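Novice: Got a predicted model here, sequence first, then my questions.
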Amino acid sequence: MKMVTDPARIRRQDPGNPDVCNVYSLHKIFSTPEQVNMVNVECRRAGIGCVDCKKLLAENINQNLAPLREKRNELAKDPDGVRDVLIDGARRAGEIAEATMEGVRKAVALP
């Protein structure tokens, strides 16, 4: 709730300018187009306050992150599987890096 919003909007009744508000910028990423439009209109006419705007944003961020949290919880149940994937990825990356370095050595005439 301490995130900076429109610095010119001091009181709840003051009309805001979403174009200078960090919270509104995040709404464009996490909120639906309808919600972004509503925030734009209601902020400008002081129909909603900054706290209302932040609460809506928090709900939308949580909703957007829910699938990631679920996937993380699922992966946490199989630490050995995660470790195996990481080891395999490191092995494959090492093979690619070695092939790249071989080309570099040839290009600069190193043994």
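Specialist: Ah, there it is. Note that the structure is predicted; figures quoted are calculated from it, not measured. Numbers count the residues shown, from 1 in each chain.
Novice: Can you report how many residues neighbour K54?
Specialist: Using other CB atoms under 10 Å, K54 has 17 other residues around it. Bear in mind the C-beta positions are built from the backbone N, C-alpha and C, glycine included.
Novice: likewise V23?
Specialist: V23: 20 surrounding residues under other CB under 10 Å.
Novice: Need the pLDDT of D19.
Specialist: D19 carries a pLDDT score of 94 in this model.
Novice: Oh, that last question was meant for A8, not what I typed.
Specialist: A8 is given a pLDDT of 89.
Novice: What helix or strand is the nearest residue to V41 once chain neighbours are set aside located in?
Specialist: Among residues not flanking V41 along the chain, G47 sits closest, at 7.2 Å (CB to CB, 6 or more residues apart in numbering). Of the helices and strands defined by DSSP states H and E, none includes G47.
Novice: isn't G47 right next to N40, touching?
Specialist: No: G47 is not in contact with N40 according to CB atoms under 8 Å; the separation is 10.7 Å.
Novice: Comparing the two, which residue is more hemmed in?
Specialist: Higher neighbour count among G47 and N40: N40, with 17 against 13, using other CB under 10 Å.
Novice: Burial check on C53, number of neighbours?
Specialist: 25.
Novice: so where does L57 fall, helix or strand?
Specialist: Going by DSSP H and E, L57 is part of helix 50-76.
Novice: ok, the residue nearest to N17 when sequence neighbours are not counted - contacts?
Specialist: If you skip the residues right next to it in sequence, N17 has D6 as its closest partner in space, 5.2 Å away by CB to CB, 6+ apart. Residues in contact with D6 (CB atoms under 8 Å, 6 or more residues apart in numbering) are 16-18, 20-21, 43, 50.
Novice: Please report how far D6 lies from M101.
Specialist: Separation of D6 from M101 (CB to CB, to the nearest Å): 53 Å.
Novice: longest helix anywhere in the chain?
Specialist: As assigned by DSSP state H, the longest helix anywhere in the chain is helix 79-107.
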